[in-house]
Structures are given as structure tokens and as C-alpha cells.
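> pasting the sequence and the predicted coordinates here, then a few questions.
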Amino acid sequence: MTADSGAAAEDQTAKVRPVASWASTQSTALKQFQPIHPVVTGICIGFAGLLLTLLRRPTAVSTPGLYAEDGVVFLLQSLSSGAGAIMDPYNGYIHLLPRLVAGLATLLPLSWTPVVFALCSALVAVGSCSLLLSTRFAGLIPAYAQRVLLFGLLLLIPRLTEVHLALNSTLWWCGVALLLTSLAGDPTTRLGRSAELLAVPLLVLSGLAGLVLAPAMAFRVLRTRSLHSKILLGIWYGTALVQLCVYLTQDRKNGSVPIGTPLIRAGFEKVFGSLLLGAGSVDNRWSQGVPAAILVVVVLSASAWAVIVLTGLRWEFSAAILYTAAASVAAGFLALGPSAAALPDRYTVLPIAAVLIGLVAARPKLKALSILRVALLILIVVMRSTDFVVPTRPDTHWSRSAACLALPANTCVIPLNPQGWTLTLPAGTR
């Protein structure tokens, strides 16, 4: 090698090093980036999430109407029993948050009720997912931009035809909030710790997710080993025990969990298939069954996801996420029995949330798994744009019902969704 060639090589190396150093610096900056005004930024992102949620089915506000239990259970019982209805079990367990919202709605003009229910449902969904914007999740997902991405993906969960903007759906978003709580770090302020201690019993008493996810909270205690997490675990388990006692004393008929082909197939098709193929594609093929070749791809993708989560996260995180994905699917079968073979959309919210959290959070060291993880994320983001719109519910002509409700001496028969449901409000109940 000549002196000239050596100098040229050194010059080339000098040019490469700044580029490599710049790339490394940018990568580190992305991971360490935090907004200068986190509260203002969080409010702006939350508002964008609220618009995103409402735009998926804008008719919930433009042509409002009540949905099933929202009318015949929560509204009717709140009007007839007042505050006494708040802790009344329905379908075997307590629905504390929906009951509180229904109680609030009865203090306002009844003509506002469908919009109040829809807006409160949207706020619960956005509020649950916005936990990700806190620095408490830096241990799970260091990059703020990636937490914002996950925030959006959770709000775009597929197969929400039944769940979207229904008051009864808030219990599924309470489950998402509990899952995120189990994966978070401890709040750094006394106000934050107090708020968490107050929020968890409200969430646990608003459905059965607190029972299903109780082991996930134990993994947080093993991870943080803090006094606050231990106190929170005690509150969680105490209120879950109350919910369990109520559940066991109610006349609710449960099915059995058909371990084997029905459970496994439904889990793969309805959870991973919905993410990779789009909700319509999966649901439309259910009666004939998903073609074997597509099912194989879905199963392989699900297996790869499990490996990515196992190898890319601390075991306390991966155990909580994998447990949630499996247990929440099994819980749907336990609740519905053999009729759960199609796994209705409400029972896919928690497992799909677990899949998305694991995929965004995992950082596998094996390069092939990292590439596959990015490819799956890109595919999921693309598919979310194909089924962004939630199918519109039939118009129940709420304006006619509102006109009747304005006359307290009238008995009003109010059409609800789904078609065939009605709510009868006798004179004197409002």
C-alpha cells in the first residue's frame, strides 16, 4: 500500500465515522426524546385520539341512539332506582363505571343521553390508552414516538362493530387500562400514586377483567418490588375478591372451555387474523373457515410473535403479556361456552391489545426477529387503514324518542340497537 492509498483510506474512514456517529446519535436521541411540555403534548395527543375514535363511527354523534343494555339496563335502572342501582350486578357482576355514567346522564336532559353515553365511552377508551403517554412506560417502551404509535394502534383495534362507542363497552377499555397498569412503573408523585390507588378499584369493579388480569399485576410487584405496587396489589385483589363473590352468587350460566381445535382456531383467526388480514376478511370467511394456507401463515405469525415477546422483553413483561393474550381468549370461551366458537368482537379487545403491546415493546437481539417484528408492525398499520370505519348502526330516529321524552306524562317506547330491542319508559319515571 502506498502512502497516497493509505491517506485515501484514512480520509474515507474519517468520512464514514461521522455518518455512523450521526446515525447512532439520532437513534439514541429518538429513544431519549421526551416532549418539552409533556402535559400539553399529552392533552393534544389525547384530543387527536378522541377525534380518531369518533371518526371511526361519526353517526354515534350525528344520528345518536341507544344500544341494547345501555338503555334497558343502565338508563332504565338508573331512572327507576337512582343511586341504588350503582352497585347492582348485571349479567353476574358489577358494572360500576357504566352505572356511574348512566347516573350522570339522568341529571342531564334525557334527549342528550345517547350522545353523553357515546362521548363518555370515547373518553374512557382514550383515557385508558393515554396511560402510555406517561414516563411510567419508559421502562417498557423507551421511545416516546413508539408509545404514541401504540396509543393509536390500540384505539384502532379491529372488530369493534359491537363494542365501539357503547356504554357497555367501557368495561373492555377498563380491562385495557388494567393491563397497562400492570405493565407500568410506579408513579413518581404522591398525586399520581393516590390517583392510581383510587382508579384501580373502580376499574376492577367495572367488569371481570380485574379477575382475569390479577396474575399480571403480580408480575409488576415482582418487577418493581416497591411498597406502592404491593399496596396496589392488595387493593386490586381485594376488589377482585368482591367481584368474584358477586359473580359466584349470581344466577349466571357459564359454558365450558373447549380446549383444543375450537379454542386454538378461534384465537388465531379472531385475534391474529383480524390484525393481519383485516376484520372483514376474517369474519366473512368464518362460516366456511379460513383457507388452510392463510391459516398456516397466521399461525406462523402468532408463533413468531410469541418468540419475539419472549426474547425481546424482561421476563416479567413477557409473562404478563403472554398470559393476558392466552387467558383473555380462554375467558371468552368460559363465559360463552361452545357458542364462543366465533369469538364475538368484545372478547378480542384484551388479547389484541396484548399482541399490539408486545409487538411494539419487544426488542429481540436476533436480527431476523427484529426484521420480522418491523414487517408485522408495518402490515398491521396498513391493515388498520383498511378497516378504519366501524359499520354504522341502523338509525333508530332518536329525535322522535326525544320528543316523547320531553312530555313526562307520556309512556315512551324507544327503539334501540340492535334491531328488535326497545326500551319502555312509563310515565312518571323521568
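The structure has been received and is ready for your questions. Numbers count the residues shown, from 1 in each chain.

> which residues touch Leu202?
Contact analysis of Leu202 by Cβ atoms under 8 Å, 6 or more residues apart in numbering lists Leu96, Leu97, Cys174. (Glycine included, C-beta is placed from N, CA and C.)

> please, which helix or strand holds the second one?
Yep, that's Leu97 we're talking about. Take DSSP states H and E as the rule and Leu97 turns out to sit in helix 96-105.

> which positions in that helix come out as buried?
Leu96, Leu97, Pro98, Arg99, Leu100, Val101, Ala102, Gly103, Ala105 (16 or more other Cβ atoms under 10 Å).

> and the furthest pair within these?
Leu96 and Ala105 (15.2 Å; Cβ to Cβ).

> helix, strand or coil for Val413?
Classification of Val413 using DSSP: H, G, I helix; E, B strand; the rest coil returns strand.

> and it, what does it touch?
By Cβ under 8 Å, 6+ apart, the residues touching Val413 are Thr422, Leu423, Thr424.

> so which of the contacts of Leu202 is the closest to Ala406?
The shortest approach to Ala406 among these belongs to Leu97, at 28.5 Å (Cβ to Cβ).

> you'd agree the closest one is up against Thr170?
Yes: because the distance of 5.4 Å satisfies Cβ atoms under 8 Å, Leu97 is recorded as touching Thr170.

> hey, what's in contact with both of the two?
Val124, Ser206.

> about what we covered before: among the contacts of Val413, which ones are buried?
Buried members of those, counted by 16+ other Cβ under 10 Å: Leu423.

> format the contacts of Val413 as CSV; extra columns: distance to Leu208, pLDDT and secondary structure.
Shown next, in CSV, are these (distance: Cβ to Cβ, whole Å; pLDDT from 0 to 100; DSSP: H, G, I helix; E, B strand; the rest coil):
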residue, distance to Leu208, pLDDT, secondary structure
Thr422, 28, 94, strand
Leu423, 25, 93, strand
Thr424, 29, 93, strand
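
> just to revisit the earlier point, helices and strands around the helix or strand just after the helix holding Leu97, which ones?
Per DSSP H and E, the first helix or strand lying C-terminal to helix 96-105 is helix 113-129. Under the contact criterion of 3 or more Cβ pairs under 8 Å, 6 or more residues apart in numbering; DSSP states H and E, helix 113-129 touches helix 38-55, helix 59-62, helix 96-105, helix 144-155, helix 170-183.

> who's in contact with the second one?
In this case it means helix 59-62. Counting by Cβ under 8 Å, 6+ apart, Leu54, Pro114, Val115, Ala118, Leu119, His164, Leu165, Thr392, Arg393, Asp395 sit against helix 59-62.

> ok, the residue nearest the centre of the chain - contacts?
The centroid of the chain falls nearest to Val176 when counting by Cα atoms, centre = their mean (4.1 Å). With contacts defined as Cβ under 8 Å, 6+ apart, Val176 is in contact with Ala125, Ser128, Cys129, Leu154, Val349, Leu350, Ala353.

> which other helices and strands does the host helix or strand of the fifth one contact?
With elements taken from DSSP H and E, the one containing Val349 is helix 349-361. Applying 3+ Cβ pairs under 8 Å, 6+ apart, we find helix 349-361 packed against helix 144-155, helix 170-183, helix 274-277, helix 292-312, helix 315-336, helix 367-386.
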